[in-house]
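Chemist: no letters, just coordinates:
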C-alpha cells in the first residue's frame, strides 16, 4: 500500500539586511546574537559568535562616530556594516539548513522567515465584453474580459438548434453580450457541435469568419490558469449577419 507524503516547503530567511537602517540593523544583529548564544538547535554557527559580537560592536561604534558627518567616519561605518551584513547572511543560511524546515525551530534563531507565496487559486470563468457584427456577412467580432491569472483562453461557438414552435412566444428570452446579440433558441438549448478557438491575445476583438448568415450562434469561453482550465461560461447568442 502506497503512502502519500506531504511536500514541505523549505524555510527561507529574510535577507534584506543591506537595505535596513543602521539603527534597525544593530537591533536585529544583537537579537540574533542573543538568540543563537547557547541555542541547542544551532550548536555550531558558521560564524563564531564571539567574532559576530565584536563585529556588531565595531559597527555600532562606527555608526555613532559617523553622526558628525565626517567623510572618513561614514566610510568606516559602511565598511563595518558590510561585515555585519555578511555575518548575518552566513548565519541565516546556517539557520535555514539546520532547522529541519520546522518553523518552531527556525524562529529560535532570531531571524525572520520570508513569507511564502500563497498558492494560486482556480482561475475564474471568463465572460464576453461584447459580441458584435463584423464588417461583412458571416463575420462576428468577440471581445473578452480579462480574468486575473489567466494565461490564455478558449472560445467555442456553434449553431443553435431551432426553437420548437411551442416554445416560441411574442417576447423570447435572450442572453445578449452586446447590442448586437439576440436569441431564438429554447431554454437550455446548446449547439450539437462546437468549433474551438485558442486565444492568446485578447487586447483586440477576435474575428470569427465563415459563419452562416441568418443563423443563431452560441458562444462560450474558458480560461487557462496555473491550476488548469476554468469551467465553460454560460452561452451568449447572436444572430450572424
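Modeler: On my side now, so go ahead. Just so you know, these numbers come straight off a predicted model, no measurement behind them. Residues are numbered from 1 along each chain as shown.
Chemist: which element is the closest residue to residue 213 other than its chain neighbours on?
Modeler: Spatial nearest neighbour of residue 213, chain neighbours left out: residue 137 (4.6 Å); criterion: C-beta to C-beta, 6 or more residues apart in numbering. For glycine as for every other residue, the C-beta is placed from the backbone atoms N, C-alpha and C. Following DSSP states H and E, there is no helix or strand that holds residue 137.
Chemist: begin at 3, not 1, for the rest of this chat.
Modeler: Sure, I'll start counting at 3 from here, so that last one is residue 139.
Chemist: what stretches of the protein score poorly on pLDDT?
Modeler: Applying pLDDT under 70 to the chain flags the ranges 3-10, 118-122, 165-190.
Chemist: which residues of it fall in strands?
Modeler: Secondary structure of the chain, counting by DSSP state E: strands at 130-135, 142-146, 154-161, 197-201, 208-210, 218-227, 230-231, 238-241.
Chemist: show me what the second one is in contact with.
Modeler: Residues external to strand 142-146 that are found in contact with it (C-beta atoms under 8 Å, 6 or more residues apart in numbering): 128-136, 155, 157, 159, 201, 204, 207-210, 213, 219, 221, 223, 240, 242.
Chemist: follow-up on the earlier one: for residue 35, which of the strands of the chain is the nearest?
Modeler: strand 218-227 (45.4 Å; C-beta to C-beta).
Chemist: burial check on residue 96, number of neighbours?
Modeler: Under the neighbour criterion other C-beta atoms under 10 Å, residue 96 is assigned a count of 19.
Chemist: distance of it from residue 26?
Modeler: Distance, residue 96 to residue 26, using C-beta to C-beta, to the nearest Å: 22 Å.
Chemist: buried ones in the longest helix along the chain, by neighbour count?
Modeler: Counting residues, the longest helix found in the chain (DSSP state H) is helix 73-99. For helix 73-99, burial by neighbour count (16 or more other C-beta atoms under 10 Å) applies to 75-76, 78-79, 82-83, 85-87, 89-90, 93-94, 96-98.
Chemist: same check on stretch 61-69?
Modeler: 61, 62, 64, 65, 68.
Chemist: dump those to TSV, plus distance to residue 49.
Modeler: TSV is the format used below for the buried residues of stretch 61-69 (distance: C-beta to C-beta, whole Å):
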residue	distance to residue 49
61	14
62	17
64	19
65	20
68	24
